[in-house]
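J.: sharing a sequence plus its predicted fold:
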Amino acid sequence: MENVKIIGAGYAIPDQKVSNEKLSQVVDTSDEWIRSRTGIVSRYISRQENTSDLALRAAKEAIQSAGIDSRMIRLILVATLTPDNYTPTVACQVQAGLGLNDQPIMAFDINAACSGFLFALECAASLLKEGVALVIGAETLSKILDWNDRNTCVLFGDGAGACLIQRVQDGSSMTFYARSQGDVDHALYCPDRGLQPDLVNQAQQKTYLSMKGRDVFRFAIQAMPDAIQQVLAGQSLDSVDLMIPHQANIRILEHVSKKMGFGMEKMFVNLDTFGNTSAASVPIALAQAWEQGKIQEGMHVILVGFGAGFTWAACRIQHGKGEDTQ
Ligand code: UT7
């Protein structure tokens, strides 16, 4: 358990909204199929902004919402599987974009796919000694989608979410759980361009994300309840005011809700608008909940995610002093 607290949150999405109808002009699918199988109605696809641009915009929103001087930041962690470059990292690009290159900051990226933001939050909470940590989840998944593969391209979108955390002594805490399990069957897979054994004359192949949807579905409905139970550590789910899950598929969330006896009305859902934005999905939802005033002092919130790797994780947030800690 770490005595850290969220002090601000923000998000950024690209300017191009793509409806299911529009997608069905590009690939053999339909609004009816996508809605009924996933709950997704639209997603945002970037035309010009890369991952670092979205990450920087989300970071600026989070800093503004916290009302802090950005020079308080000591740590920048970015969760992404779609960075702009192999190097430098998105985190270093964000540091430069914020004009903080002269500050004593540690900045690096984390790739744990859709669980990435939760992994990054845990790392930030345990690494943070003083000042503020900026934790971001940002993706331009559209770069690695095969727009002819209806099994994948209809599910994902681009975007970024960010939050700032600070060490506090006001009863706030975060309790983490994170797990990994090597996906030997390539249920969720995106290879790189490969080795270059002959040194010359190698075709640089573009590679795409592929997925065995049913296998991932089965994994998700086991992994999410596991992570939630682990961070509850015996406490009742009744004490949880809000659940902010990874936004992959409404049927996964309904399944988890039913299995755990946790009402859908306490589950934050925005996948209808944004689709699955991988590492950005939990922080975008968190930032929207923050903006809508759904995270108040004394509240008990759970963030939970699962993704490629495989990875799965949760964070139980006691935001300010709770009833049981008063
Ligand atoms: O962050 C983690 C990311 N991934 C996930 O969370 C994915 C988890 N899995 C899922 O959400 C679901 O498995 C999907 C939404 C991906 C697929 O739903 P499903 O009910 O498991 O469908 P299916 O894969 O069993 O496919 C059923 C049918 C197939 O046709 P046939 O073989 O029955 O004739 C597919 O070819 O639906 C077809 N299909 C589509 N049809 C129209 C697959 N994709 C599409 C599409 N539009 N986009």
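T.: Done, it's in.
J.: show me the contacts for residue 57.
T.: Contact analysis of residue 57 by CB atoms under 8 Å, 6 or more residues apart in numbering lists 12, 49, 160. The way it works is simple: take the backbone N, C-alpha and C, and place the C-beta from them, glycine included.
J.: in JSON lines: those, plus pLDDT.
T.: Output for the contacts of residue 57, formatted as JSON lines (pLDDT from 0 to 100):
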{"residue": "12", "pLDDT": "98"}
{"residue": "49", "pLDDT": "98"}
{"residue": "160", "pLDDT": "99"}
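J.: could you export the residues you listed as CSV, including neighbour count, distance to residue 173 and secondary structure?
T.: Output for the contacts of residue 57, formatted as CSV (neighbours: other CB atoms under 10 Å; distance: CB to CB, whole Å; DSSP: H, G, I helix; E, B strand; the rest coil):
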residue, neighbour count, distance to residue 173, secondary structure
12, 26, 28, strand
49, 20, 35, coil
160, 35, 26, strand
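J.: any idea which of these is closest to residue 244?
T.: residue 160 (15.9 Å; CB to CB).
J.: residues contacting whatever helix or strand residue 152 lives in, please?
T.: Using DSSP states H and E, residue 152 sits within helix 150-153. With contacts defined as CB under 8 Å, 6+ apart, helix 150-153 is touched by 23, 27, 28, 29, 145, 146, 147, 208, 209, 210, 211, 213.
J.: let's go with 7 Å and repeat that
T.: 27, 28, 29, 145, 146, 147, 209, 210, 211, 213 (CB atoms under 7 Å, 6 or more residues apart in numbering).
J.: once you drop chain neighbours, what's closest to the fifth one?
T.: Closest residue to residue 146 apart from its sequence neighbours, by CB to CB, 6 or more residues apart in numbering: residue 208 at 3.8 Å.
J.: same check on the third one?
T.: Taking CB to CB, 6+ apart, and ignoring the residues beside it in sequence, residue 29 has residue 150 as its nearest neighbour in space, at 4.8 Å.
J.: for the ligand, see how far away the residue nearest to residue 31 when sequence neighbours are not counted is.
T.: Distances taken as CB to CB, 6+ apart put residue 20 closest to residue 31, at 3.9 Å, once the chain neighbours are dropped. In this view, residue 20 and the ligand are 9 Å apart by CB to the nearest ligand atom, to the nearest Å.
J.: now do the contacts for the residue nearest to residue 146.
T.: 144, 145, 146, 149, 190.
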